[in-house]
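Chemist: Okay, here's the prediction I keep looking at, along with the sequence it came from:
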Amino acid sequence: MRPLLDETVERLFRLVEEEGKENKLVSSELMSLLHCVFGDTLLSAFNLIDQGSITCCVTLNGRYLYKVSGSAGRSYHCPSTLSFCPCRSFTFGVLRRCELIMCKHLLAIHIGKALHCLPDTSVTDEEYDLMLYEQ
Ligand SMILES: [Zn+2]
């Protein structure tokens, strides 16, 4: 548990949301702050957003997860809680070595959510279950 770090990150994402309300852009000052916290993961995350690699997959009853198409052709499915990503960076960089706060996939989802620029797509319950458990 990292309450001070988690609160700082939450505040940064709230600032992104406030700045992005009007034009879906982030100021250079806020980009500098984000880079101080996330380092080079930030650029990779913005690349995922710019390439349209993230989709919010929603079922009819409102369950949802995020699908991120990775650069190597693999897709990563992240639960709506954004507490986990099945990629190697999350396993090794975040969980084992504690070198990263989050992987580029989760960071991209957080920023994309804050900027309201992630498209939704409908999926069936079966498709949702498959995406959630096939990792
Ligand atoms: Zn990841």
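Modeler: Looks like it arrived, so ask away. Because the structure is a prediction, the values reported are computed rather than measured.
Chemist: Spatially, what comes nearest to the residue positioned nearest the centre of the chain if we skip its sequence neighbours?
Modeler: With distances taken as CA atoms, centre = their mean, the chain has residue 109 as the residue nearest its mean C-alpha position (2.2 Å). Sequence neighbours aside, residue 66 is the residue nearest to residue 109 in space, at 4.9 Å (criterion: CB to CB, 6 or more residues apart in numbering). Quick note: C-beta positions are derived from backbone N, CA and C, even for glycine.
Chemist: Regarding the one you found, which helix or strand does it belong to?
Modeler: Assigned by DSSP states H and E, residue 66 belongs to strand 64-69.
Chemist: Quickly run through the sheet partners of that strand, with directions.
Modeler: strand 54-58 (antiparallel), strand 75-79 (antiparallel) (DSSP bridges).
Chemist: in that strand, what counts as buried?
Modeler: Residues of strand 64-69 classed as buried by neighbour count (16 or more other CB atoms under 10 Å): 65-69.
Chemist: Now distance to residue 100 and pLDDT too, for the residues you listed, in JSON lines please.
Modeler: Formatted as JSON lines, these follow (distance: CB to CB, whole Å; pLDDT from 0 to 100):
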{"residue": "65", "distance to residue 100": "21", "pLDDT": "96"}
{"residue": "66", "distance to residue 100": "18", "pLDDT": "97"}
{"residue": "67", "distance to residue 100": "21", "pLDDT": "96"}
{"residue": "68", "distance to residue 100": "16", "pLDDT": "96"}
{"residue": "69", "distance to residue 100": "20", "pLDDT": "93"}
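Chemist: Within reach of the ion, which of those are there?
Modeler: When contact is defined as CB under 5 Å from the ion, the buried residues of strand 64-69 do not meet the ion at all.
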